[in-house]
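Undergrad: Give me coordinates for this.
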Amino acid sequence: MVVIRLARGGSKKRPFYNIVVAPKQERRDGRFIERVGFYNPVASGKAEGLRVAMDRLTYWTGVGAQMSPVVERLVKEAQKAAVAPAA
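TA: Below you'll find the model as predicted:
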C-alpha cells in the first residue's frame with residue numbers, strides 16, 4: 001500500500017516537513033517514491049509555509065494512495081488558500 005504522509009526534516013526545535021508518497025512499510029523519514037510538497041510550521045513573514053503539487057496529489061490518490069489525516073488537513077488548507085483572493 002502507498003501512503004501520502006509527512007517526512008520530518010530540519011534541525012532541533014525548527015521542524016520542516018516534506019509531503020511525500022511512500023510505501024507504508026518504509027520508515028517515516030526513510031525512502032520515498034516522490035516528493036509532492038512541503039510544510040513549514042515555523043514560517044514567518046513572507047516565507048512560504050505550505051506548497052502542494054495538486055496535480056501529482058490527484059494522480060497518486062487516483063491510483064490508490066491513501067493520505068494521512070494531517071496531510072488531508074493540509075491539502076484542504078492549501079485548497080482554501082488557492083481559492084481565496086490574495087490581499
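
Undergrad: In contact with residue 74, which residues?
TA: By CB atoms under 8 Å, 6 or more residues apart in numbering, the contact set of residue 74 is 19, 39, 50, 52. Every residue, glycine included, has its C-beta placed from N, CA and C.

Undergrad: Restrict stretch 50-59 to CA atoms and write it as PDB.
TA: Only the C-alpha atoms of stretch 50-59 are listed here, as PDB (Å, rounded to 0.1, in the frame of the first residue of the first chain):
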ATOM      1  CA  LEU A  50       2.900  25.300   2.600                       C
ATOM      2  CA  ARG A  51       3.200  24.200  -1.000                       C
ATOM      3  CA  VAL A  52       1.400  21.200  -2.600                       C
ATOM      4  CA  ALA A  53       1.600  20.000  -6.200                       C
ATOM      5  CA  MET A  54      -2.100  19.300  -6.600                       C
ATOM      6  CA  ASP A  55      -1.800  17.600 -10.000                       C
ATOM      7  CA  ARG A  56       0.600  15.000  -8.500                       C
ATOM      8  CA  LEU A  57      -1.600  14.600  -5.400                       C
ATOM      9  CA  THR A  58      -4.600  14.000  -7.700                       C
ATOM     10  CA  TYR A  59      -2.600  11.400  -9.700                       C
END
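
Undergrad: before we move on, the earlier item: just the closest of the contacts of residue 74 to residue 30, please.
TA: Residue 30 has its nearest neighbour among these in residue 19, at 15.0 Å by CB to CB.

Undergrad: So the residue nearest the centre of the chain, which state does it fall into?
TA: Nearest to the geometric centre of the chain sits residue 19, at 2.8 Å (CA atoms, centre = their mean). Put simply, residue 19 is strand when judged by DSSP: H, G, I helix; E, B strand; the rest coil.
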